[in-house]
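1. Coordinates for the following, if possible.
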Amino acid sequence: MKKNFGMFFGLPRWDVGAVVLALCALTPVSRAGVIINNTGSNFSFFHGADPGGDPLAQVFTMSGTSFDSLILQLQSTAGGSASVDLYNVNGSDVPTTLLQHLGTVTTGTSGDGQLLSVGSFSVSGLTSGNQYAIVLQVPTSGSLAWDVIDSAGSLPAPVQYNSGGWISAPGNYFQMDLELTAVPEVPMTGAVIGFGALAIGLGHTVRRKLRPAVSGIL
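-> The predicted structure follows:
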């Protein structure tokens, strides 16, 4: 039996190669972006939050419209649990209205530098360039603290709720890792390569089909 090694599913192998190259080039890739990440072992000290105490808040500038990953760096030697929320802020970097409950963190008893993920959530519909606040509420059990660092980076001053209102606490920036939702996208170079390969493959097929007709006329 004679096998046609030049054909593959009715297409010349050269054309199949072009189509495969195009599909590979046009395959989306996921890209995530870090909004703020100042976690690590370089904390200077921590700010406590005991039952009956005050909530703590860190204002940040949003660099996208959604996020689904938040890790807080906390401290506790006895263990404790607290809710974590997302708030709107006003022009004075003060939390105003609750936007969404994000989850709950529960510390262990190993002391400083505990990196704890804030549950499973998805936040969308935010405005890039606007400021929002991550608020660590008063612990519902035990006691815990939010590690801070004295390097601001791109963060506004943190705030805490005290005597019925939010007050600024400059010089101490709460440590967290807040990341954008991964967004599938096709890189521009991949799109150019993909469409170029498709165009070359189609052009080759058209020329191959027209060649017998032209030969017959001559």
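2. from here on, contacts and neighbour counts on C-alpha atoms
-> Noted.
3. the longest strand in the protein is where?
-> Longest strand in the chain, counting residues (DSSP state E): strand 95-107.
4. next helix or strand past that one?
-> Sequence-wise, the next helix or strand downstream of strand 95-107 (DSSP states H and E) is strand 111-117.
5. Run me through the strand neighbours of that next one, direction for each.
-> Here strand 111-117 has these sheet partners by DSSP bridges: strand 67-76 (antiparallel).
6. can you list the domains in the protein?
-> 7-27+186-217, 31-183 (automatic domain parsing).
7. rewinding a little: what are the contacting residues of the longest strand of the chain?
-> Residues from elsewhere that reach strand 95-107 (C-alpha atoms under 8 Å, 6 or more residues apart in numbering): 57, 59, 74-76, 79-90, 114, 116-121, 123, 132-133, 144, 166.
8. Can you list which of the residues you listed are found in helices?
-> Using DSSP state H, no member of these sits in helices.
9. State the paired neighbours of the helix or strand hosting residue 135 in the sheet, together with their directions.
-> Using DSSP H and E, residue 135 sits within strand 131-136. Strand pairing for strand 131-136, using DSSP bridges, gives strand 56-61 (antiparallel), strand 80-89 (antiparallel).
10. Give me whichever of those is most buried.
-> strand 56-61 (a mean of 24; mean count of other C-alpha atoms under 10 Å).
11. quick check: angle from that one to strand 95-107?
-> 120 degrees (axes from the mean of the first three to the mean of the last three C-alpha atoms, to 10 degrees).
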